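In: show me how the following folds:
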Amino acid sequence: MFKTMNVNELYPRWLVAKEKGETVQLIDVRSPEEYKAGHVPGAKLVPLNTLMARVDEFPEQGDVFLICRSGARSAQAADYLARQCGRSNLINIEGGTMAWIKAGYPIDQA
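Out: Down below sits the predicted model:
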């Protein structure tokens with residue numbers, strides 16, 4: 001099983017990490033095209049269709065936040081990592097990048 005969090009809960013953690021020069025373990029599971037159009041600054045792109053081959057890139061310690069466009073694909077990723085890989089440090093971001101943008105939080109494009 002995995003936890004969930006909304007963007008308003010994630011943002012303060014992201015901001016504190018940014019101010020300290022640290023990184024939040026945020027994985028964006030959308031396509032490269034979606035990611036380039038706009039993503040949370042510092043989010044690492046691991047498209048859902050590459051997830052199985054890249055499991056070793058997901059830290060086993062500390063919170064790992066998973067985000068997509070609306071929260072559905074990131075929930076699939078979290079479910080897979082929890083069930084198949086035994087990960088218990090996963091947090092799905094409800095509402096995804098759409099909710100992040102709607103809340104007026106910063107995004108990167110490229």
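
In: rest of the way, CA atoms for contacts and neighbours
Out: Noted.

In: spatially nearest residue to Gln109 (excluding sequence neighbours)?
Out: Excluding the flanking residues, the one nearest Gln109 by C-alpha to C-alpha, 6 or more residues apart in numbering is Gly38, at 4.6 Å.

In: which phi and psi does that neighbour have?
Out: When read as degrees, to the nearest 10, the backbone of Gly38 gives phi 160, psi 130.

In: from memory it sits against Tyr105, does it?
Out: No: in this structure Gly38 lies outside contact range of Tyr105 using C-alpha atoms under 8 Å: 11.4 Å.

In: what about the two, which has more around it?
Out: Gly38 (17 against 14; other C-alpha atoms under 10 Å).

In: need the pLDDT of the more buried one.
Out: Looking at Gly38, its pLDDT reads 97.

In: distance check, it against Asp28.
Out: From Gly38 across to Asp28, the span is 11 Å (C-alpha to C-alpha, to the nearest Å).

In: likewise for Ala43?
Out: 6 Å.

In: what's the answer for His39, then?
Out: Distance, His39 to Asp28, by C-alpha to C-alpha: 8 Å.

In: repeat for Ile93
Out: 10 Å.

In: hey, what's in contact with both of the two?
Out: By C-alpha atoms under 8 Å, 6 or more residues apart in numbering, Ile93 and Asp28 have these common neighbours: 66-68, 74.
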